[in-house]
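In: Curious how this folds, go ahead:
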Amino acid sequence: MSQIGAGIVGSGWVAEEYIKAFQKDERSEVRSIYSRSKEKPEGYKKKYDLSCDIESDFETMLKRDDIDVVVIATPHDRHTEYVIPAAEAGKHLIIEKPVALTWEEVRRQEEAVRKAGVKTVISFVLRWNPLLMTIDNLIAQGVFGDIFMVEVDYFHRIWWGPSHWLGTKEHGGTSMLAAGCHAVDALRWFAREEAREVTAYQVKTDNPNEYPGTTNAIVQFQNGATGRTTSCFDAQMPYRFNIGIYGTDGVLRNDQVFAPKLFPGQTDFM
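Out: Model prediction:
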């Protein structure tokens, strides 16, 4: 069986997670890492016993016939400068979330990958989380009936500060773009609808990040259902990814379900 050759753009901790994932699967192999600095990639080569090349020129990676897929794991605002030439070179793409920080750049990337006909995925890793996959399956089975409200929260006390690129407006964007977009993705996934209207409010606390650390959004979906999502870096609490599904036949609150049609005689959450 031939292996999928992977090229990775970036050398931060997210890039390292991709290296580990590719190396665990015998169907794939990391063959090239592009980075402005060689120190971290060289460290990854040694740590994971890689035989890949360390590139200082992105074009060199794109010209290689043994690179099938390119992972874009750079700061958010730099995705477009790598996605477009990679697509034009015929490389399939794994793009770290968020796709970009502006609508214009999202559209430019979309146009490039559609024109090139390459496969593309945005890495919302919770799509492969067992709990969320189970919730998706329950919704598909109609366990909750007609869903009229969905809630998803991302609570994570993240205080990067402006010394880290994720804490800046220029590179990190907002709390929703930097991390809370996982909750937005899950909200759309479980609602099974696109948004018609969104209203959002932000709060700035003493969190040293340049942007407000808390964003609360209310969504009306095209079928009339409603949704709410919160991205909060500010609360003094452990990480939580709250999920609420409210339907005419049942309700889910995180890992608890009340669905009498699924569990006849049920009188409380289980």
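In: Buried residues, stretch 125-132. List them.
Out: Leu126, Leu132 (16 or more other C-beta atoms under 10 Å). For glycine as for every other residue, the C-beta is placed from the backbone atoms N, C-alpha and C.
In: contacts for that stretch?
Out: If you take C-beta atoms under 8 Å, 6 or more residues apart in numbering as the criterion, stretch 125-132 is touched by Met133, His182, Asp185, Ala186, Trp189, Phe241, Ile243, Asp255.
In: for it, how far is the first residue from the last?
Out: Using C-alpha to C-alpha, to the nearest Å, one end of stretch 125-132 lies 10 Å from the other.
In: model confidence over that stretch, on average?
Out: Taken as a whole, stretch 125-132 has an average pLDDT of 96.
In: Now restrict the contacts of stretch 125-132 to buried residues only.
Out: Buried among those by 16+ other C-beta under 10 Å: His182, Asp185, Ala186, Trp189, Phe241, Ile243.
In: And the helices in this structure?
Out: Shown for the chain, the helices assigned by DSSP state H span residues 13-24, 39-47, 58-62, 79-88, 103-116, 130-140, 175, 181-191.
In: winner for burial among those?
Out: Ranked by mean neighbour count, the helices of the chain are led by helix 175 with a mean of 26 (mean count of other C-beta atoms under 10 Å).
In: what's around Ile54, how many residues?
Out: Neighbourhood size, Ile54 [other C-beta atoms under 10 Å]: 18.
In: show me the contacts for the closest residue to it other than its chain neighbours.
Out: The shortest distance from Ile54 to any non-neighbouring residue, by C-beta to C-beta, 6 or more residues apart in numbering, is to Pro41 (4.6 Å). By C-beta under 8 Å, 6+ apart, the contact list for Pro41 reads Ser11, Ile33, Ser35, Ile54.
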